[in-house]
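Novice: turn this into a structure:
(one chain, ligands or ions: 1)
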Amino acid sequence: MSPRLKRLAARSPFSIHILKELFHPAAASGKGHSTHYSIKNMSIMANAPSPLIATCQMTSSADKDQNLATCSRLVREAASRSACMVFLPEAFDFIGSSTEETLSQAETLQGDLIQRYKGLARECGVWLSLGGFHERGNDWENDRRIYNSHLILDSKGSVVSIYRKIHLFDVDLEGRVSLKESKFTIPGPEITPPVSTPVGKVGLEICYDLRFPEISLALAQEGAELLTFPSAFTLTTGLAHWEVLLRARAIETQCYVVAAAQTGRHNERRTSFGHAMVVDPWGCVVAQCTEGTGLCYAHVDLQYLHRIRKEMPVMMHRRVDLYGKVASIQAPPNL
Ligand SMILES: O=C(O)CNC(=O)[C@H](CS)NC(=O)CCC(=O)C(=O)O
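Specialist: Numbering: from 1, shown residues only. Have a look, this model is predicted:
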């Protein structure tokens, strides 16, 4: 028996027989399967209990009732397939076609919409990630500004965590994309610590946060096992950057990355990229939605995650003694 197999056998719940099969050269090659897939198969073969998550893709319009109906259908479908946590994208509540329309529909956490979602979580017995709710800000009566808020509801319908988007999407790509989120949104004041759920410790982010690795590293350092990026990526930037950024965040933090997404045409000014997906902590895309409204499913295997972290402990190899200045670098003065 090879030393590697011996080591694996010592800390593995699988029999030597199964390990030999999997690590036989024929198992790791021949069918284009990487060792990674062999490792995944191991947990499937041994029936390790790994909870199922559902990641949603939809095309929000300005019609809140219609969007709620779509989300309810998706959540019920996920529950009927035994998913224990369902992830909805940024702007699952609505996407307005103007700032005025967006602001006129914003609610508070005590409003009717969140009450409905609490009822849905309870009815279906699932945890929900509501990724990007237009929440009236603290000083709404005076400044009419909102937060872009990501809520986690438990299966009893209680709000167990909330994160308000800290990086606002103020971007002007000539002739293609022009959005100024800060015009009507207050930047969140803090990074929310990861929240314990039945699928692992979940770190909350939203969309554009994906481009700032520091927040993902901070969440991983605080114990996150999954990072969530509910999104409404634009078509232009999604084509160029979406998958590579999601996979990079998964690889460098060794977390599952769960990215629910808006897709398609919301109004004459907004089209989203779609490609809702789940990436595992090795960087492999393990689930991805196809065209249009729908769901994709993935198992979260924390044994696998912790094995990757043990075998390649990048978090322990960090040279924090040398990075001090990087975290405080702002834009250069000429920008
Ligand atoms: O406007 C709403 O109602 C909901 N919010 C959004 O859609 C936000 C802010 S405009 N979109 C993004 O952050 C896109 C990021 C992106 O596309 C990228 O980073 O490339």
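Novice: let's verify the residue of the stretch 151-300 of the chain found nearest the ligand: helix, strand, or coil?
Specialist: Distances between the stretch 151-300 of the chain and the ligand by CB to the nearest ligand atom are smallest at residue 237, namely 3.0 Å. The way it works is simple: take the backbone N, C-alpha and C, and place the C-beta from them, glycine included. Under DSSP: H, G, I helix; E, B strand; the rest coil, residue 237 falls in the helix class.
Novice: confirm that residue 131 sits in a helix.
Specialist: No: counting by three-state DSSP, residue 131 is not found in a helix; it is strand.
Novice: isn't it up against residue 90?
Specialist: Yes: between residue 131 and residue 90 there is a contact at 5.2 Å, judged by CB atoms under 8 Å.
Novice: residues that sit against both of the two, list them.
Specialist: Shared contacts of residue 131 and residue 90, defined by CB atoms under 8 Å, 6 or more residues apart in numbering, comprise 150, 206, 230, 231, 260.
Novice: from these, which land in strands?
Specialist: Members of the shared contacts of residue 131 and residue 90 lying in strands (criterion: DSSP state E): residue 150.
Novice: about what we covered before: residues in a beta bridge with the nearest residue to the residue of the stretch 151-300 of the chain closest to the ligand once chain neighbours are set aside, which ones?
Specialist: When the adjacent residues along the chain are set aside, residue 237 lies closest to residue 177, with 6.7 Å between them (CB to CB, 6 or more residues apart in numbering). Residue 177 has these beta-bridge partners by DSSP bridges: residue 173.
Novice: what's the burial count for residue 177?
Specialist: 15 (other CB atoms under 10 Å).
Novice: residue contacts, it?
Specialist: Residue 177 makes contact with 171, 234, 236, 237 under the criterion CB under 8 Å, 6+ apart.
Novice: buried only: go through these for me.
Specialist: 234, 237 (16 or more other CB atoms under 10 Å).
Novice: tell me how far the closest residue to residue 234 other than its chain neighbours lies from residue 270.
Specialist: In space, and not counting its chain neighbours, residue 234 is closest to residue 177: 4.9 Å by CB to CB, 6+ apart. Counting by CB to CB, to the nearest Å, the separation of residue 177 from residue 270 is 10 Å.
Novice: any shared contact partners between those two?
Specialist: residue 234.
Novice: so how many other residues sit close to the residue nearest to residue 188 when sequence neighbours are not counted?
Specialist: Distances taken as CB to CB, 6+ apart put residue 164 closest to residue 188, at 3.0 Å, once the chain neighbours are dropped. For residue 164, the count of nearby residues is 21 (other CB under 10 Å).
Novice: numbering from 7 from now on, please.
Specialist: Right, with 7 as the first residue, what we last looked at is residue 170.
Novice: thought residue 141 was touching residue 170, still the case?
Specialist: Yes: using CB under 8 Å, residue 170 is in contact with residue 141, at 7.5 Å.
Novice: closest one of the contacts of residue 183 to residue 219?
Specialist: Nearest to residue 219 among these is residue 243, at 16.6 Å by CB to CB.
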